[in-house]
Every structure is written in structure tokens, then in C-alpha cells.
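Visitor: Next come a sequence and a model predicted from it.
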2 protein chains.
Amino acid sequence: MAKVPDATITRLVQYLRALERMEEAGTVRTSSEELARATGVTAFQVRKDLAYFGSYGTRGVGYTVPVLRRELRQILGMGRRWRLIFVGMGRLGQALADYPILAESYELVAGFDVKPELVGQQVGPVKVRPMEELETTVREEHVDVALLAVPESQAVRVANRLVKAGVRGILNFAPVVLNLPEEVAVENVDFMAGLSRLGFFMLNPRWREEMMG
Amino acid sequence: MAKVPDATITRLVQYLRALERMEEAGTVRTSSEELARATGVTAFQVRKDLAYFGSYGTRGVGYTVPVLRRELRQILGMGRRWRLIFVGMGRLGQALADYPILAESYELVAGFDVKPELVGQQVGPVKVRPMEELETTVREEHVDVALLAVPESQAVRVANRLVKAGVRGILNFAPVVLNLPEEVAVENVDFMAGLSRLGFFMLNPRWREEMMG
């Protein structure tokens, strides 16, 4: 497999969303043009992104919706029911734990918080455990992924504990760069960065238009 | 200004974070190597990213921390005190409105929700108004940006209302593609996409290593 840009992985997720909507609507065939329209990129970009992973379309015929959907889910490791924990059960952690479509695709193991008044509470599908049980839970319940929603000042320390305990991936909501071993996957959900990018694009409104052209 | 990749804008935000930490620590000079270490990219990448916007470093001397910080803030439109509203004041909206560093950099105008029991409540620095007041607030109080944290099913409709009312940027937390006029900036904060990317990188753990190599 050739080296693909991070941005391609991001777009694969968007193509998958579009395909899911098509399948719900009963659409069987689609094209790079349709996928491009649904995700706001060019048809050339769609074909280039998919080409990294093999040839899924037929010239002049396009793509079979359920086939391409299945392939993308496999590439993205979906349908594996990764085992998740929520670390930090403040308002953000609670909003995440209670996010409806999460439980459909992932195994939600538990939440964790330092606050005694939160421990023992049920938030949507998960129960909050004390931070002292973090390592044993990760090891004994084979946790793959942690959603890290602790305060900025705690994020690095808690992430290191998670890695030592054997977590394979961290979705980090704290505005901190986590320098973790290469074998641990990290994705940052950083809405302050999103706001800063917005600032740039508001000051340069024709930017993306040019990029697409 | 040459066309820069979206990913460069994302990294500018990370460089800015690193520079802020350096300035707090009293560091006056830095290098592309140091910025690279702090943000997890190569020094070449740092120099390439900054070169899009002009030449900020001196060969063999590096960058002056406060100067580069000021330049990056300006490029990203920070320090403008954009005027923000929060649309959707459920747990996620509340977590956002109460996010401490937000009020430092932005003017927080109001929150909005359809639920009568939320209207009138004070959440951190903002008061919740009824959705009926959305358009007049945007117009009369010169709102620049909306943080959109409404349910998925409402996101497109509410986004269109915001655009019509004159909002210039939307930070979208709903897992939906918003097809808005080009003059409106949109950034998606999509943690489900982050989870899907995590899946890919957990299945292909040497991927990023190779990319960095």
C-alpha cells in the first residue's frame, strides 16, 4: 500500500458517510462525481483517494454502493467493535458517553473520573469508575481506545498511564500535543484549533474556492 | 500568497501553541527543529509551512519567539475578538460555552436552544436565548461565528438560518456535511471521524512512522 496523506483518511470517512446515506435511500450505484458533490471535493480527488487502496470502480459504470461501503469500513477498521473507555466524565465526557451512534459501532466499557460524586453514576450506556481502577480495567477488560476528556493540565499524565496500561489508541480532546510511542495511535479533537482555522478562512474567504478550482 | 494546504493551517495553530508555551517559559529564540519536536513533524515541514507566509527566520539564528507568535496570530485572525454564539445548549453546548480559554480570545454573545427549560439560564459566561431570537441576535449584535452543537437532524436547517442571518463562519459539531455558500467558512469538529481515523492507524501502526521517515 502506498503512503497516503492523513487528509485522505479523513475523506474516506466522509465518502463512507455519503455511501451510508445512499444505501439508506436504496441507491445501488454511484460515481466519483456524486461522491465528490456529497463531500465537497473534486471527482478527481475521490478517484485519487480510492486508488491508494486498489481499484473499486469500473470505468463508465462507477461504484457499487454496498461494495464500496464494505471496503471502506474494512480499511477504516470499523465493524471491529473496538473496546472504548471515557476518561474524564465532566460535561464533555458525559456528552460523549451519551452520544447515540457511538454504542452502535463500539463496545463501551466504562467511564473514569477523579470526582467521588461522579463515581458510581450511570451516564447513558456507561458507569463511572474511580481513576484508581484505570489500569486494571484497561488490562483485564482489553480496552483498545480511550476518549480523553480530562482538563488540559492532566492530559499528558493520564495519557501516559493509558499507554503504560496497554491502550492502543487515544482520541484526545485536551488542547495538548501528546508525544506518545509510535505504536500508539493518537487523534486530536481540538475545537480551539478549528476556531483558529475558521479565523484564517474568514480572513481569506476565496482560499478554498481557489483550492477546489 | 501561494495556495497552502489545509493541513498547513492546522499546523500553524500547533506552532502557535508551542510558541505560547515558550514565551510563558521566557524563551526568546527558537528553531524549526525545536518547533518540529514540540509539534511532532519534521523541521523541513516547519520551514515549508512558514515559507508560505513569508520568511520569518534567519539562517543559523532561527526565529524570535514573540515575533513569530505575533505573525501567526495575525495570519490566523486571532486577537480580532470575533463575536461568537453557541447554537444548541445541551451537554456539549454547555461544555463548550464553559470552556475557560474561549472567553479570553473571543467575544461570547449568547447561547441558543429550543428547550424552554434551558432558555434564560446562565451557562458560564453566556445566557441561553430562545431560537426565535437567533436571526435578530446575529444581525443586531454583529455575530461572526456560530458554534453549532444541535442534533444531527437539525444541523442543516439551523446552519442555513445562520448563513441567511449573516454569520461568516460555522464551527460544526454535528456529523453532517454542510453545503454552504463559498463565502461562509465551515470547520467540522467531528469526533466520530477521529475515531474512524484511529481505527485505520491502529490497523496500520507503522503508517505515520513511515510518513515521518
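Guide: Happy to help now that I have it. Numbering: from 1, shown residues only, chains lettered A, B, ... in the order given.
Visitor: in chain A, what spans have low per-residue confidence?
Guide: Applying pLDDT under 70 to chain A picks out residues A:1-3, A:55-56, A:205-213.
Visitor: now for the strand or helix carrying residue A:170, which elements pack on it?
Guide: Using DSSP states H and E, residue A:170 sits in strand A:169-172. Judged by 3 or more Cβ pairs under 8 Å, 6 or more residues apart in numbering or on different chains; DSSP states H and E, strand A:169-172 is in contact with strand A:145-148, helix A:152-165, strand A:185-188, helix B:191-203. To be clear about C-beta, it is placed using only N, CA and C from the backbone, and glycine gets the same treatment.
Visitor: ranking these by burial, who's on top?
Guide: Of all these, strand A:145-148 carries the top mean neighbour count, a mean of 26, counting by mean count of other Cβ atoms under 10 Å in any protein chain shown.
Visitor: and the longest strand along chain A, which residues are buried?
Guide: Assignment by DSSP state E gives strand A:107-113 as the longest strand of chain A. For strand A:107-113, the neighbour count (16 or more other Cβ atoms under 10 Å in any protein chain shown) marks A:107-113 as buried.
Visitor: who wins for proximity to residue B:171 among the helices and strands packed on strand A:169-172?
Guide: Closest to residue B:171 of the helices and strands packed on strand A:169-172 is helix B:191-203 (Cβ to Cβ; 13.1 Å).
Visitor: by how many degrees do that closest one and helix A:191-203 diverge?
Guide: Taking axes from the mean of the first three to the mean of the last three Cα atoms, to 10 degrees, one finds helix B:191-203 and helix A:191-203 inclined to each other by 110 degrees.
Visitor: ok so, going back, make CSV out of the helices and strands packed on strand A:169-172 and add distance to residue B:117.
Guide: Rendered in CSV, the data for those read as follows (distance: least, Cβ to Cβ, whole Å):
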stretch, distance to residue B:117
strand A:145-148, 28
helix A:152-165, 31
strand A:185-188, 34
helix B:191-203, 27
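Visitor: can you give me the strands in chain A?
Guide: Shown for chain A, the strands assigned by DSSP E span residues A:29-30, A:63-64, A:83-87, A:107-113, A:122-123, A:126-130, A:145-148, A:169-172, A:185-188.
Visitor: Okay, now the sheet partners of the third one, with direction.
Guide: The partner list of strand A:83-87 in its sheet, established with DSSP bridges, is strand A:107-113 (parallel), strand A:145-148 (parallel).
Visitor: Next: the second one.
Guide: Sheet partners assigned to strand A:63-64 using DSSP bridges are listed as strand A:29-30 (antiparallel).
Visitor: what do you get for the last one?
Guide: Partner strands for strand A:185-188, per DSSP bridges, with pairing direction: strand A:169-172 (parallel).
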